[in-house]
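Colleague: Would you be able to build a 3D model of this:
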Amino acid sequence: MIPKVFREVIDLGDGREISIETGKLAKQAHGSVVVQSGKCMLLCTVVSNYDQKDVDFLPLTVDYREKFAAAGRYPGGFFKREARPSDGEVLTMRLVDRVLRPLFPKDYHSETQVMIQLMSHDPDVMPDAMAGLAASAAIQLSDFPFECAISEARVGRVNGEFIINPTLAQLAESDIDMMIGASADSVMMVEGEMDEISEEEMTEAIKFAHEAIKVQCAAQLRLAEAFGKKDTREYPEERSDEDLAKKVHDMAYDKVYAIAKAGSAKHERSAAFSEIKEEIKATFSEEELEDYGGLVSKYYRAAEKAAIRDLTLNEGQRLDGRKTDEIRPIWCEVDYLPSVHGSSIFTRGETQALATVTLGTSRDANQIDMPSQEGEERFYLHYNFPPFCTGEARPIRGTSRREVGHGNLAQRALKGMVPEDCPYTVRVVSEVLESNGSSSMATVCSGTMALMDAGVQLKKPVSGIAMGLISDADSGKYAVLSDILGDEDHLGDMDFKVTGTADGITACQMDIKVKGLSYEILVNALKQAREGRLHILEKLTDTIAAPNADVKSYAPKMITRRIPNEFIGALIGPGGKVIQELQKETGTTIVINEDPVTEEGIVEILGTDQDGIDAVLAKVDSIMFKPEVGSVYEVKVIKMLDFGAVVEYQDAPGNEVLLHVSELAWERTENVSDVVNMGDVFDVKYFGLDKRTRKEKVSRKALLPKPEGYVERPPRNNDRRNDRNRDRKPRRD
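Modeller: Down below sits the predicted model:
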């Protein structure tokens, strides 16, 4: 039976379009779509179990995978099968998850899985820009309790013109790379990197993307209507008790408000809040707690949140006693670790990050091997968030999605400030040692100082700040919070992180939790973030004003030298013998790459000993040495022969040439040792290839004055010799 297929098309302009199709594939899933643009095809399926789990959160899993077969390739490595997700896939999962999760009901606890797969790759289409659209479209075809359709779009800007879902080639020329997630009514998520743009320019980019997202949301609704939108499933609602909620609120609100107003450190404040909660629980019998214990905790959290928000909106004061625009105390230090190439500590309040920098060759670049993207990163940043940084003990099971995402944000913030001609591969590692507030922004700050300490010539220093927003739609009041605490992150209406130089924004990440946030509030929040960012930047530059002029004495120095491709083989030697022996003798690391544009070899020489580096450079110069006809060179006798002396060019050790006995002196020379001996150093003139012998010719006598009365020996008469050969009788066999 031929399946009935339903299809909607979205016009992106400039001849491009996105289609959403359902009815052909994966029909046992609760919702499935194929989203296509050009030759790029994503299959998205969604399934949600009908039983509710006994948890107080939504067990949602968003999985995004790129199949190597989609690009006609094999997976790299020994096992020819896709395994754990790459960092790029994890980042796409996070982008989709952050927009979907808030739109499920808070009391919906069914195991839910969203699977997005790249089935066909088009090099001109970036698939991650369509993943959010695919996920939402599949959910619209299901019976899930989901608030509204959403979509995501990438926006770039080339020559001042905004572009929706630019190609990789366009993105390379763009000064903006932002992903925006939104519904038809509200922007919900923003993440990206920029080339030092202003707050107003960033807002315009968000507006432009939102208009495109509105069109994509409308297309999903048309598809669902044509397909036959299912009724929303019934699920058991969470238990509630309005009288109990009011009782707990009345018991907790004033006490929480008083403690919050007093302003205290994280552990003191947490202990005081816990004490209030236990006092409230003590007013209930064991039987009541057995029946209502979970509700008491839930209603207490609601009262605590209301009290803290009201304190900020009514009095402009925060949990730790600060004003809304006040930054916590900051102290910094560089060159803390004695053996690393660069290090720094950044501490802001109760958040601390220790960053290290390691310098290497192109061989140390981070290899990117995805069906949709291949290449390497010469600058990359890794972020580690151990449990002790929040005073917890929990199992460590590899790198978390959160660590990948936060590290990527800090990397995007800094990478534009690393100069294009930096000869090193640079790896930054951030170890978060304390956390109460944004550790990713602490990573940006510590990373900046560590890079400068390592002698990486950053174009400009970068700082970052995490901001929050508390708003009340009824009263119209709102408060923008600079340098938010961990608690303020949970109870606020917007969490946004902004990084940049003194001249503009380099990266951002926003999660907006309220509907219909006005662009006026967004611009005001971004401007307050700029003031905080500049304050932090001043603290960084007070600690280290500019990058160190050179790398540390124990750090490797990097020298690059370009050589014609014809000399690469001579430098490597048969079976790599020459380069391996050279590395061993000089204590250096030598890497040779070919530049396909200039058709030259790029020789990278990495070493801590300058003498060793100089020895490698001398060898390279020696291999490339080409004497010029008519020039004079200093040589040294390294071998004596009956018919001359082998001499070595002093400026190019290893380059030898025969000085024939006839070119030693004007007088007839019977013995070579009558004129020169082993180790003698003198000048010779280079004549190029001898036409008769087809060998290189140098002469010592050409630089000496002719003896008085010297008579040139007449040249051989080749014509007479040829005549004699013709007069000979033919040989008989």
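Colleague: and the helix or strand harbouring Tyr633, average pLDDT?
Modeller: Element membership of Tyr633 [criterion: DSSP states H and E] is strand 632-641. Taken as a whole, strand 632-641 has a mean pLDDT of 91.
Colleague: cool, stretch 416-424 as well?
Modeller: Computed over stretch 416-424, the average pLDDT equals 93.
Colleague: do the same with stretch 126-146
Modeller: Stretch 126-146 carries an average pLDDT of 96.
Colleague: likewise stretch 346-353?
Modeller: pLDDT averaged over stretch 346-353 gives 95.
Colleague: try stretch 232-243
Modeller: pLDDT averaged over stretch 232-243 gives 87.
Colleague: same for the longest strand along the chain, what does it pack against?
Modeller: Longest strand in the chain by number of residues (criterion: DSSP state E): strand 40-52. When contacts are defined as 3 or more CB pairs under 8 Å, 6 or more residues apart in numbering; DSSP states H and E, strand 40-52 sits against strand 31-37, strand 110-120, helix 131-140. All C-beta atoms are positioned from the backbone trio N, CA, C, and that covers glycine.
Colleague: strand partners of that strand, parallel vs antiparallel please.
Modeller: Each strand paired with strand 40-52, and its direction, by DSSP bridges: strand 31-37 (antiparallel), strand 110-120 (antiparallel).
Colleague: tell me the angle of the last one relative to helix 131-140?
Modeller: For the pair strand 110-120 and helix 131-140, the angle between their directions (axes from the mean of the first three to the mean of the last three CA atoms, to 10 degrees) equals 130 degrees.
Colleague: Distance from strand 110-120 to the middle of the chain?
Modeller: 25 Å (CA atoms, centre = their mean, to the nearest Å).
Colleague: Dump that strand to CSV, restricted to CA.
Modeller: In CSV, the C-alpha atoms belonging to strand 110-120 read as follows (Å, rounded to 0.1, in the frame of the first residue of the first chain):
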residue,chain,number,x,y,z
SER,A,110,6.7,10.5,31.2
GLU,A,111,9.9,9.3,29.6
THR,A,112,10.2,11.2,26.4
GLN,A,113,12.7,10.8,23.6
VAL,A,114,13.4,13.0,20.6
MET,A,115,15.8,11.4,18.0
ILE,A,116,17.1,13.5,15.1
GLN,A,117,19.3,11.8,12.5
LEU,A,118,21.2,13.2,9.5
MET,A,119,20.3,10.8,6.7
SER,A,120,21.6,12.7,3.7
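Colleague: how about that strand: buried residues?
Modeller: 110-120 (16 or more other CB atoms under 10 Å).
Colleague: coming back round to it: and the strand holding Tyr633, what does it pack against?
Modeller: By 3+ CB pairs under 8 Å, 6+ apart, strand 632-641 packs against strand 644-649, strand 656-660, strand 681-689.
Colleague: of all those, which lies closest to Ala252?
Modeller: Ala252 lies closest, by CB to CB, to one member of the helices and strands packed on strand 632-641: strand 644-649, at 88.8 Å.
Colleague: how much space between Cys44 and Glu288?
Modeller: 46 Å (CB to CB, to the nearest Å).
Colleague: And Phe346, by the same measure?
Modeller: The value you get for Phe346 to Glu288, if CB to CB is used, is 48 Å.
Colleague: More neighbours: which of those two?
Modeller: Phe346 (31 against 13; other CB atoms under 10 Å).
Colleague: That one against Met441, yeah?
Modeller: No. Using CB atoms under 8 Å, Phe346 is not in contact with Met441; the gap is 9.3 Å.
Colleague: which residues touch the longest strand of the chain?
Modeller: Applying CB atoms under 8 Å, 6 or more residues apart in numbering, the contact partners of strand 40-52 are 25-26, 29-36, 70, 108-122, 125, 127, 130-131, 134-135, 137-139, 142, 144, 233, 235-236.
Colleague: Any of these buried? List them.
Modeller: By neighbour count, with 16+ other CB under 10 Å, the contacts of strand 40-52 hold 26, 29-36, 70, 108-122, 125, 127, 130-131, 134-135, 137-139, 142, 144, 235 as buried.
Colleague: OK, contacts around Val578?
Modeller: Counting by CB under 8 Å, 6+ apart, Val578 has contacts 570-572.
Colleague: among the residues you listed, who's most crowded?
Modeller: Leu571 (20 neighbours).
Colleague: Do a quick rundown of the helices in the stretch 601-733 of the chain.
Modeller: 610-624, 718-727 (DSSP state H, counting those that start in this stretch).
Colleague: which one of the ones you listed has the lowest average pLDDT?
Modeller: helix 718-727 (a mean of 54).
Colleague: List the residues that contact the nearest residue to Tyr686 once chain neighbours are set aside.
Modeller: Nearest residue to Tyr686, sequence neighbours excluded (CB to CB, 6 or more residues apart in numbering): Pro627, at 4.4 Å. Contacts for Pro627 (CB under 8 Å, 6+ apart) come out as 633, 649, 686, 696.
Colleague: The first one contacts Glu648, correct?
Modeller: If I follow you right, that is Tyr633. No. Using CB under 8 Å, Tyr633 makes no contact with Glu648, being 10.2 Å away.
Colleague: Buried residues, stretch 42-53. List them.
Modeller: 42-48, 52.
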